[in-house]
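Asks: Following is a predicted model, sequence given first.
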Amino acid sequence: MKNVDEIIKQMTNKEKYKLLMGDGFWAFNSYNKDLKEVTCTDGPSGVRKAIKVKNKENADLVDLMHSKIATTFPSGCCFANSYDKNLMIKLGEALANECKFYKVNILLGPAINIKRNPLCGRNFEYLSEDPYLSGIMGGYYIKGVEDNGVGTSLKHYCCNNQEFGRQINSSNLSMRALKDTYIKPFNIAVKIGNPATIMCSYNRINGVFASENKLILNNILRDEIGFKGVVISDWGAVSNRFEGIEAGMDIEMPEKEYNHEFYEKGFSEGKFNIDSLNKSVKRIVQMENKYSKEFNVKNYDFKFGYNVAKEIALSSIVLAKNNDNFFPLDSKKEVVFAGDFVKNCRFIGGGSSHTNSAITKSFLEILDEKKANYKYFEVFNKNSESDKIEFLNYIKNKKVVLFLGLYESEESEGFDRPTMNLNDFQIELVNEVYKYTHDIAIVIESGSVVELPFLDKVKAVFLPYFAGEAENEALFELMYGLKNPSGKLSETWIKKYNDNPSSKTFGKDVYNTYYDEDIFVGYKYYEKNNIEVNFPFGFGLSYSNFKLSNSLINQNDNEIDINVKAKNISNIDGNIVVECYVKNNNSNTYRANKELCSFEKCYLKAGETKEICLKVNKEDLYIYDCVSKREVLEKGEYEFLIGQSSIDNFITVKAYINGVDIQNQKIEKITRNTTPSKKYDDNTLLFEVIGTKCFKKLLKEKHLDEMLSSDNGLIKGLLYNPLRVMCSINLITYQECEKLVEDIKNEMSE
């Protein structure tokens with residue numbers, strides 16, 4: 001292999017320009033015709049190897065529902081609840097194996113954006129409201145994939161915390177919030193896993209698109225964090241390609257119909273320089289040299305994938321309430337199961353992470369397989385009155401488990417949830433059942449938090465999140481005590497939507513979102529403001545009971561080690577998650593009451609005691625100093641709180657940490673932006689021009705008029721995106737988009 005610099009010297013500008021965009025939809029252009037192309041595919045919950053689907057114009061469509069058979073692993077919202085780093089390595093290895101089988105070089109995941117608001121339609125794909133947990137779990141996921149010869153694409157960098165207008169919206173926030181909350185997980189994950197690529201997000205950050213943001217891509221990601229890999233765009237995220245080159249955004253995805261003259265014209269006009277171009281080309285060549293491999297895996301055992309998915313689900317599903325020991329159930333005693341999801345479990349999110357599952361079994365099928373004593377009622381919204389009466393009469397004084405949740409039409413990539421509520425029928429169902437029996441448990445199928453106005457009427461709650469294709473078998477084993485629950489919540493379950501600090505502004509302005517809560521996201525806000533919640537961050541029940549004691553602390557220049565003894569004081573084997581939070585009450589800047597800084601998961605047999613070492617990396621204690629404009633470790637006495645959730649009777653140890661003094665600082669008030677003046681270009685939103693004659697004409701010619709008039713949530717969400725998005729999903733060509741913009745300008749000026 002030639003030296004990379006020599007390779008670049010021998011390349012023509014035309015050859016260099018070709019590397020700056022995708023080869024079709026799922027590959028990167030190679031610098032060498034003899035080199036195998038580098039292919040990529042979605043996504044975080046499994047290998048979504050797309051099957052091409054043609055439209056009436058015989059053009060390839062982006063089809064999120066047609067893909068090759070693959071293991072559906074638990075989604076990020078689920079596996080983050082495992083708090084198990086070793087399990088993330090195992091997940092990464094399994095994903096890498098399936099990538100090799102399908103000859104995929106780079107897997108597009110994980111997605112570690114912060115769960116800022118429970119209504120974000122893509123929360124099911126994201127890991128946590130906490131940046132430390134997101135970074136650690138994402139980092140070990142990456143390490144598992146990368147250590148097995150397959151690349152990853154850490155996404156979506158950054159501040160992509162909503163789906164509403166995601167292609168145009170500006171996330172407006174302070175530098176403190178940006179660095180300490182929204183970039184921190186990427187910083188941690190990069191240093192643990194060293195991903196091949198990072199995918200920049202759609203949105204603007206303080207007015208500048210992520211795909212052309214020098215501060216985000218060069219100053220922070222490369223210079224400060226030290227990322228050496230390639231930055232690719234999210235699909236259709238590029239607004240100005242030349243600004244992107246200057247900012248260090250290397251590959252635009254997917255392929256666009258740019259030609260050599262397009263770049264030459266931009267270069268001659270001084271819109272980008274040769275040094276920026278060569279830096280991108282060098283990174284791309286280095287990436288292709290490492291990841292361009294011909295995998296020769298002839299067979300894959302999808303049963304193996306299913307078993308890994310089941311192991312993760314067992315470790316991640318959360319038992320959030322269990323009054324009167326409702327669970328575990330006795331398989332010999334009859335239990336009534338009711339609800340649509342018993343028969344049609346929703347174990348995966350919608351959109352680009354949707355996979356074609358290799359093995360699927362409904363909870364009903366599992367009940368039959370395991371020969372459980374049960375009675376099932378569908379209890380649909382459309383049931384007749386006689387069916388309802390039969391059900392209610394049957395359940396008198398019986399044990400009932402209701403499966404409730406959100407349908408894909410209510411929660412998916414591409415649009416945000418309109419409400420945090422379950423549908424009215426499900427709420428009424430719980431209230432009605434309570435009149436006939438007080439022995440009720442619920443299972444909530446959702447990718448994020450829902451309101452539970454009936455919580456005091458149910459004895460037990462299981463939260464599987466989207467636990468993958470093995471969810472139902474795992475859930476059965478947990479419900480019936482064959483396995484012991486150990487999942488811990490990676491986000492806070494608030495009582496009502498208005499308790500969330502961003503609820504007043506979220507989804508209100510398609511152009512701007514204001515992060516007024518600053519660093520106070522999730523439990524950091526609820527604790528600071530004494531807001532009572534249904535289930536706190538880090539919380540989850542077990543059939544075992546554990547006790548922590550005898551904490552010791554040692555520190556060196558880079559790390560603090562806290563040793564704590566954990567004992568299983570029950571007669572049931574189980575896993576304990578020990579969580580460590582840090583606080584500095586004498587800080588000169590605003591801080592959360594406490595924040596997660598370490599955790600470990602450990603298996604303890606009945607009566608067993610083990611010593612657990614919690615390692616705190618001092619770099620994770622750094623905060624952004626708004627005065628010196630850098631990340632610093634503030635000196636002072638720190639308290640470390642060790643417990644089993646964010647609300648616990650903590651063991652507390654203290655340590656003085658050498659650092660720097662910082663000046664007193666207050667939360668920055670985010671300036672409101674004016675609505676942009678009306679101008680027509682490829683960033684014009686679809687809903688603004690869908691009524692124009694020229695647009696209607698084009699839609700009719702492309703046979704898209706019926707599709708875009710659909711009431712589907714994903715389509716409605718598409719209307720709040722710019723015209724250029726239609727190019728990225730192959731609805732129209734780049735040239736057709738340019739012509740459409742000119743036609744709209746002419747029509748609107750008449």
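Replies: Sure thing, it's come through.
Asks: Sketch out the low-pLDDT regions of the stretch 51-200 of the chain for me.
Replies: 52-65 (pLDDT under 70).
Asks: Quick one: the strands in it, in order.
Replies: When assigned using DSSP state E, counting those that start in this stretch, the strands of the stretch 51-200 of the chain occupy the ranges 53-54, 60-61, 69-70, 106-108, 151-157, 170-172, 197-200.
Asks: count of neighbours near residue 274?
Replies: 10 (other CB atoms under 10 Å). Backbone N, C-alpha and C define where each C-beta goes, glycine included.
Asks: Spatially nearest residue to it (excluding sequence neighbours)?
Replies: residue 267 (7.6 Å; CB to CB, 6 or more residues apart in numbering).
Asks: Show me where the stretch 201-350 of the chain has its helices.
Replies: Along the stretch 201-350 of the chain, counting by DSSP state H, counting those that start in this stretch, helices occupy 214, 241-247, 260-268, 274-291, 302-316, 340-343.
Asks: from the middle of its chain, how far away would the fourth one be?
Replies: Put simply, helix 274-291 sits 28 Å off its chain's centre (CA atoms, centre = their mean, to the nearest Å).
Asks: just for the stretch 401-550 of the chain, where's the confidence low?
Replies: In the stretch 401-550 of the chain, no residues with pLDDT under 70.
Asks: can you give me the helices in it?
Replies: Using DSSP H, counting those that start in this stretch, helices in the stretch 401-550 of the chain cover 424-434, 471-479, 523-528.
Asks: Let's have the strands of the stretch 51-200 of the chain in JSON lines, adding distance to residue 386.
Replies: Below are these laid out as JSON lines (distance: least, CB to CB, whole Å):
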{"stretch": "strand 53-54", "distance to residue 386": "43"}
{"stretch": "strand 60-61", "distance to residue 386": "45"}
{"stretch": "strand 69-70", "distance to residue 386": "41"}
{"stretch": "strand 106-108", "distance to residue 386": "50"}
{"stretch": "strand 151-157", "distance to residue 386": "50"}
{"stretch": "strand 170-172", "distance to residue 386": "52"}
{"stretch": "strand 197-200", "distance to residue 386": "53"}
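Asks: Out of these, which gets nearest to residue 610?
Replies: strand 151-157 (32.6 Å; CB to CB).
Asks: same for the closest one, what does it pack against?
Replies: Under the contact definition 3 or more CB pairs under 8 Å, 6 or more residues apart in numbering; DSSP states H and E, strand 151-157 sits against strand 106-108, helix 131-146, helix 184-193, strand 197-200, helix 274-291.
Asks: same thing but 6 Å
Replies: strand 106-108, strand 197-200 (3 or more CB pairs under 6 Å, 6 or more residues apart in numbering; DSSP states H and E).
Asks: quick one: strands adjacent to the first one?
Replies: Here the strand partners of strand 106-108, with direction, are listed using DSSP bridges: strand 38-42 (parallel), strand 151-157 (parallel).
Asks: again with the longest one
Replies: With DSSP bridges as the criterion, the sheet partners recorded for strand 197-200 are strand 151-157 (parallel), strand 230-233 (parallel).
Asks: and residue 99, what is it in contact with?
Replies: Neighbouring residues of residue 99 by CB atoms under 6 Å, 6 or more residues apart in numbering: 47, 107, 150.
Asks: From residue 93, how far off is the nearest residue to it once chain neighbours are set aside?
Replies: What sits nearest to residue 99 in space, not counting adjacent residues and going by CB to CB, 6+ apart, is residue 150, at 4.5 Å. As judged by CB to CB, to the nearest Å, residue 150 and residue 93 stand 10 Å apart.
Asks: For the residue nearest to residue 99, grab the count of nearby residues.
Replies: Neighbour tally, residue 150, other CB under 10 Å: 25.
Asks: ok, now how distant is it from residue 34?
Replies: 22 Å.
Asks: cool, and residue 457?
Replies: 68 Å.
Asks: The two - which one has more neighbours?
Replies: residue 457 (15 against 5).
Asks: Surely the more buried one is in contact with residue 435?
Replies: No - judged on CB atoms under 6 Å, residue 457 makes no contact with residue 435 at a distance of 9.8 Å.
Asks: Redo the helices of the stretch 401-550 of the chain as CSV? Include distance to residue 206 and mean neighbour count.
Replies: Supplementary listing: the helices of the stretch 401-550 of the chain in CSV, determined by distance: least, CB to CB, whole Å; neighbours: other CB atoms under 10 Å:
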stretch, distance to residue 206, mean neighbour count
helix 424-434, 40, 17
helix 471-479, 40, 25
helix 523-528, 21, 23
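Asks: Just put those helices in a markdown table and tack on distance to residue 406.
Replies: As requested, those are exported to a markdown table (distance: least, CB to CB, whole Å):
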| stretch | distance to residue 406 |
| --- | --- |
| helix 424-434 | 10 |
| helix 471-479 | 15 |
| helix 523-528 | 22 |
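Asks: which stretch among those helices comes nearest residue 182?
Replies: So among those, helix 523-528 is nearest, using CB to CB, at 13.4 Å.
Asks: Serialize the strands paired with strand 197-200 to CSV and add fields for distance to residue 306 and mean neighbour count.
Replies: Formatted as CSV, those follow (distance: least, CB to CB, whole Å; neighbours: other CB under 10 Å):
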stretch, distance to residue 306, mean neighbour count
strand 151-157, 22, 28
strand 230-233, 31, 27
